[in-house]
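>>> Here is the input, now give the coordinates:
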Amino acid sequence: MGDNRASIELLRKAFEAGSVEAFSEAIDAAAGDEFVEEWPQSGERIRGKATAKRINEGYSAATGTTPSMRLRRIVGEGDVQVVEATIDYGDGTPVNYIGIAEFKGGKLTKITEYFASPFEAPAWRADFVERMDPVGVH
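Below is the predicted model:
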């Protein structure tokens, strides 16, 4: 992880701060010029840190929501780190977030992000599983 530490720490601090604005600033500071952000669930690819910053900075105005984030952990090795967090888009529903961050030469080059809302477990699995609170619900 050597020269990636500073960029990873920027991401950690942004998630701990909990705001889209902090995340936007961290991406801008950590990313290289060829940065790519992908959202496979919606089929979107964002090229360039300036474009990513514009999307993040305009999010609240465009959607009427002010998301808050809570970091659970960042794990990984070398040039690939996985960010696990919870996002609340303002309605109290904890949306699970996974971001796969790729680095090269100390710069964030790509992040692939997945967002998943909680759902009720099907009854047929009840005999096989141990119930737990969904992540993000206290």
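
>>> All the helices of this structure, in order from the start?
5-17, 20-30, 49-63 (DSSP state H).

>>> Show me what the first one is packed against.
Okay, so that is helix 5-17. helix 20-30, strand 68-77, strand 80-88, strand 94-104, strand 107-116 (3 or more CB pairs under 8 Å, 6 or more residues apart in numbering; DSSP states H and E). Glycine gets a C-beta too; all of them are placed from N, C-alpha and C.

>>> Between these, which one is closest to Asn56.
helix 20-30 (3.6 Å; CB to CB).

>>> any idea of the angle that closest one forms with strand 80-88?
On the basis of axes from the mean of the first three to the mean of the last three CA atoms, to 10 degrees, helix 20-30 is oriented at 160 degrees to strand 80-88.

>>> just to revisit the earlier point, most tightly packed of the helices of the chain?
Highest mean neighbour count of the helices of the chain: helix 20-30, a mean of 20 (counted as mean count of other CB atoms under 10 Å).

>>> hang on, Val75 packs against Gln81?
Yes - the pair Val75 and Gln81 qualifies as a contact (CB atoms under 8 Å) at a distance of 7.0 Å.

>>> ok, those two, which is more surrounded?
Gln81 (22 against 10; other CB atoms under 10 Å).

>>> Show me what that one is bridged to.
With DSSP bridges as the criterion, Gln81 is bridged to Gly76, Ala101.

>>> before we move on, back to that, will you turn the helices and strands packed on helix 5-17 into CSV that also has mean pLDDT and distance to Gly58?
Compiled in CSV, the helices and strands packed on helix 5-17 are given as follows (pLDDT from 0 to 100; distance: least, CB to CB, whole Å):
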stretch, mean pLDDT, distance to Gly58
helix 20-30, 91, 10
strand 68-77, 94, 17
strand 80-88, 95, 17
strand 94-104, 96, 19
strand 107-116, 96, 17
